[in-house]
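Q: how does the following fold in three dimensions:
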Amino acid sequence: MTQLSELEQDALKELFNIGMGRAAASLGRMVGGEILLSVPFLDILQPTRAAQIIQKPGCDTVSAIRQSFNGPFNGTALLIFPEVNSLELVRTLVGEDLPLEHLGELEQESLLEVGNIVLNACLGSFANLMRGEILFELPLFIKGSCLSLLRADSAVCDTTEAQPLLFLVVDFRTTEEARLAHRIQGYVLLLLDCTSTRNLRSQLQQLINETLEP
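A: Numbering: from 1, shown residues only. Now for the predicted structure:
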């Protein structure tokens with residue numbers, strides 16, 4: 001599958017940002033404050049390119065929430081943070097100015113909560129696009145190098161080449177600036193099986209056609 005056109009990107013961003021609005025409201029209730037989520041960028045990328053974007057210089061480890069899903073389409077969703085970003089997010093959610101080294105024990109529980117909310121919002125938006133209901137497996141917390149995580153989940157279709165994935169950049173912000181040292185950026189990746197990958201483009205084109213109809 002080739003990269004998305006600008007029109008396709010805009011249509012998907014609008015769809016996913018609706019889901020992110022719902023996720024932000026849920027996270028806001030969880031922390032007792034306003035959380036803002038947005039998707040400034042998305043595209044279809046090869047796993048190796050996605051890993052290059054996610055991994056930061058000098059930091060090979062990422063923290064991720066992995067959730068498999070099935071129904072009219074099947075695959076795996078990942079919410080990924082470079083390790084330092086995940087700990088900064090935990091500190092924001094906890095609401096205390098704790099040193100990063102003291103946040104490790106809170107990381108798994110906090111990210112599982114965040115991942116469950118964000119991934120369900122993304123997959124709900126995706127289900128609307130694909131016109132079907134999906135079933136979720138329980139989310140799992142995993143750590144490791146980004147490329148190794150993606151290679152473990154990438155589907156293979158009649159070839160040894162890894163399937164392209166749907167790649168979303170997600171910005172996490174709060175209006176309480178004192179609790180957020182900087183913008184926290186995470187990444188949502190949807191790794192689909194072969195049939196679902198083929199259906200994505202046709203459903204997306206149908207959505208665009210319906211939007212453009214007078």
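Q: now the residue nearest in space to the middle of the chain: how far from residue 133?
A: Nearest residue to the geometric centre of the chain (Cα atoms, centre = their mean): residue 188, 1.6 Å. Noted for residue 188: a distance of 20 Å to residue 133, by Cβ to Cβ, to the nearest Å. (Glycine included, C-beta is placed from N, CA and C.)
Q: still on that earlier bit, so what's the residue nearest to the centre of the chain closest to, chain neighbours aside?
A: Distances taken as Cβ to Cβ, 6 or more residues apart in numbering place residue 168 nearest to residue 188, at 4.2 Å, with adjacent residues excluded.
Q: contact partners for that neighbour?
A: 16, 39, 41-42, 122, 187-190 (Cβ atoms under 8 Å, 6 or more residues apart in numbering).
Q: which other helices and strands contact the worst-scoring helix or strand of the chain on mean pLDDT?
A: Least confident helix or strand of the chain, by mean pLDDT, DSSP states H and E, is helix 83-94 with a mean of 76. Packing partners of helix 83-94 (3 or more Cβ pairs under 8 Å, 6 or more residues apart in numbering; DSSP states H and E): helix 6-31, strand 61-70, helix 104-130, strand 165-174, strand 184-192.
Q: mind giving me CSV with these and columns for distance to residue 78 and mean pLDDT?
A: Shown next, in CSV, are the helices and strands packed on helix 83-94 (distance: least, Cβ to Cβ, whole Å; pLDDT from 0 to 100):
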stretch, distance to residue 78, mean pLDDT
helix 6-31, 15, 88
strand 61-70, 5, 90
helix 104-130, 8, 85
strand 165-174, 9, 89
strand 184-192, 5, 89
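Q: in whichever strand or helix holds residue 37, what counts as buried?
A: Residue 37 is part of strand 35-45 when elements are defined by DSSP states H and E. Neighbour counts over strand 35-45 (16 or more other Cβ atoms under 10 Å) mark 35, 37-39, 42-45 as buried.
Q: just stretch 68-78 next, same as before
A: Result for stretch 68-78 [16+ other Cβ under 10 Å]: buried residues 68-69, 73-78.
Q: wait, which of these is closest to residue 118?
A: Closest approach to residue 118 among the buried residues of stretch 68-78 (Cβ to Cβ): residue 77, at 9.2 Å.
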